[in-house]
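Colleague: prediction below, plus the sequence it came from.
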Amino acid sequence: MKIAVLPGDGIGTEIVAQALKVLEALAGDGLRLEIEQAPVGGAAYDAAGDPLPPATLKLARAADAILFGAVGGWQYDQLPRAKRPEQAILGLRKELGLFANLRPAKVFPELVEASTLRPEVVSGMDILILRELTGDIYFGQPRGMRRLDNGEREGFDTMRYSESEIRRIAHAGFRAAMKRAKKLCSVDKCNVLETSQLWREVVTEVAREYPSVELSHMYVDNAAMQLLRDPKQFDVIVTGNMFGDILSDEASMLTGSIGMLPSASLDANNKGLYEPIHGSAPDIAGKNLANPLATILSAAMMLRYSLNQDRAADRVEAAVARVLARGLRTADIHKPGMQQVGTAQMGDAVVAAL
Ligand code: NAD
């Protein structure tokens, strides 16, 4: 299996190096991975004048999965938009047809105190949010700003979903639920929006192909409230681009630790790009301070969703849990009484726990 590794900028190189250690340790157990690296983001702009050079895109296309670090840095902020590091992610999503964004929000028992909610509300929480990534009001046409006859300005966007777009994200949602507790909650606003009415109809049709998955529907305003009231009622949530944008940030922050959260963006064949949800953290780059666990957990997601190596994924997740249970913490999640370690030591500890 071919993995394209794109470390990127800032802490990207440090955290990806730890995930590679973990993958190499698994390779020792018979998992055959062909790993090739390429520059992306600011690093690629520095090397080739382009945040997503053709050679990097070619490598990503040829791979079965992509492991991505993070991109961005203050030194690139003045560049024209097309040359900014962040364009590389948008370009990869578009070129590779990555329409399903998976964001787990799981609370490890040892980090339950990091949440802003009471421990009994979040303890044991393990949610996966599936957000459609390439449609909806963010891309619908027409959009723009115009001057009305009475002289005032008006802004407008178009919320739009075709049946096939809904069908493919619904399938991705059911497939993800099949790998978990087999409960899928589809979130929409079908009491008000035509787009959502079609969404609910199509998701309900697709459900017939997955009789073992229990499907429920929820309005987005209620879902936002239920995530705070009782997040443990959810297993997998599937929703459109805008609702998912908001709910996935809400859910991930319930866990309280940005350095712990992985993500995946998948195409129709489960090929995916895997990355931590955080950015390149220029403030701590090169200091051996970054928490590599979000990237290591992203590699575990890659094993599960693109490479169909569920057992290896389970092992990596269990190794992370064991390291936390032993009291090892990077600075971002450190508390008195725990043992503070650097980026590289945390990677080594996960390898040892494997
Ligand atoms: P950020 O996520 O990089 O950092 C926010 C805060 O969280 C910082 O204090 C940082 O030190 C801390 N942090 C982040 N990841 C951490 C980790 N693994 N361990 C410990 N602490 C961690 O967000 P930002 O500061 O808003 O953005 C910095 C740069 O990253 C910008 O150029 C931005 O555009 C880019 N960015 C990239 C991505 C991506 O590559 N997918 C996502 C978000 C932001």
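Modeller: Yes, it's here. Numbering: from 1, shown residues only.
Colleague: where does the stretch 1-150 of the chain get nearest to the ligand, residue-wise?
Modeller: residue 72 (2.3 Å; Cβ to the nearest ligand atom). The C-beta positions use only the backbone N, C-alpha and C, and glycine is treated the same way.
Colleague: surely that residue touches residue 40?
Modeller: No: using Cβ atoms under 8 Å, residue 72 makes no contact with residue 40, being 10.9 Å away.
Colleague: higher neighbour count, those two?
Modeller: residue 40 (33 against 23; other Cβ atoms under 10 Å).
Colleague: now do the contacts for that one.
Modeller: Counting by Cβ atoms under 8 Å, 6 or more residues apart in numbering, residue 40 touches 6, 7, 8, 51, 52, 56, 68, 71, 85, 88.
Colleague: where does pLDDT dip in the chain?
Modeller: Scanning the chain for pLDDT under 70 picks out nothing.
Colleague: for it, what spans make up the helices?
Modeller: 12-27, 42-48, 54-62, 87-96, 119-122, 163-178, 194-207, 220-229, 241-255, 293-305, 310-325, 343-353 (DSSP state H).
Colleague: tell me what the last one is packed against?
Modeller: The one in question is helix 343-353. On a contact count with 3 or more Cβ pairs under 8 Å, 6 or more residues apart in numbering; DSSP states H and E, helix 343-353 meets helix 12-27, helix 293-305, helix 310-325, strand 328-329.
Colleague: what residues sit buried inside the third one?
Modeller: Neighbour counts using 16 or more other Cβ atoms under 10 Å place 312, 313, 315, 316, 317, 319, 320, 323, 324 of helix 310-325 among the buried residues.
Colleague: residues contacting the closest residue to residue 99 other than its chain neighbours?
Modeller: Spatial nearest neighbour of residue 99, chain neighbours left out: residue 134 (4.5 Å); criterion: Cβ to Cβ, 6 or more residues apart in numbering. For residue 134, the contact set (Cβ under 8 Å, 6+ apart) comprises 93, 94, 97, 98, 99, 165, 241.
Colleague: just those residues now: which is nearest residue 352?
Modeller: Nearest to residue 352 among the contacts of residue 134, counting by Cβ to Cβ, is residue 98 at 33.5 Å.
Colleague: what about the closest one, distance to residue 31?
Modeller: The spacing between residue 98 and residue 31, counted by Cβ to Cβ, to the nearest Å, is 24 Å.
Colleague: the more surrounded of these two?
Modeller: A direct count of neighbours by other Cβ under 10 Å for residue 98 and residue 31 places residue 98 higher, at 21 against 16.
Colleague: show me the contacts for the closest residue to that one other than its chain neighbours.
Modeller: With Cβ to Cβ, 6+ apart as the criterion, residue 98 has its nearest non-adjacent residue at 3.9 Å, and that residue is residue 265. Residues near residue 265 by Cβ under 8 Å, 6+ apart: 93, 98, 99, 100, 101, 102, 133, 272, 273, 275.
Colleague: inside strands: which ones of those?
Modeller: If you go by DSSP state E, those have 100, 101, 102, 272, 273, 275 in strands.
Colleague: now, which of these lie close to the ligand?
Modeller: For the ligand, the contacts drawn from the ones in strands among the contacts of residue 265 by Cβ under 6 Å from any ligand atom are residue 275.
Colleague: if we only consider the ones in strands among the contacts of residue 265, which is nearest to residue 172?
Modeller: Of the ones in strands among the contacts of residue 265, the one sitting nearest to residue 172 (Cβ to Cβ) turns out to be residue 100, at 4.1 Å.
Colleague: OK, contacts around that closest one?
Modeller: With Cβ under 8 Å, 6+ apart, residue 100 has these contacts: 130, 131, 132, 133, 168, 169, 172, 265, 266, 267.
Colleague: can you tell me how far the fifth one is from residue 332?
Modeller: Read that as residue 168. 36 Å.
Colleague: looking at these two, which is more packed in?
Modeller: For residue 168 and residue 332, the more surrounded residue by other Cβ under 10 Å is residue 168, and the numbers stand at 20 against 17.
Colleague: pretty sure the more buried one contacts residue 269?
Modeller: No: counting by Cβ under 8 Å, residue 168 sits too far from residue 269 to count as a contact (10.8 Å).
Colleague: got the domain boundaries for this structure?
Modeller: For the chain, automatic domain parsing gives the domain ranges 1-99+262-354, 126-254.
Colleague: single out the most deeply packed of those.
Modeller: domain 1-99+262-354 (a mean of 20; mean count of other Cβ atoms under 10 Å).
Colleague: ok, back up a step: quick one: which of the contacts of residue 40 is nearest residue 112?
Modeller: The closest of these, once distances to residue 112 are taken by Cβ to Cβ, is residue 68, at 28.6 Å.
Colleague: residue contacts, the closest one?
Modeller: So residue 68 contacts 6, 8, 40, 89, 92, 273, 274, 275, 298 (Cβ under 8 Å, 6+ apart).
Colleague: what's near enough to touch residue 317?
Modeller: Per Cβ under 8 Å, 6+ apart, neighbours of residue 317: 297, 300.
Colleague: pull the distance from stretch 94-114 to the chain's centre.
Modeller: Centroid separation between stretch 94-114 and its chain, computed with Cα atoms, centre = their mean, to the nearest Å, is 5 Å.
Colleague: perfect, I'm done here.
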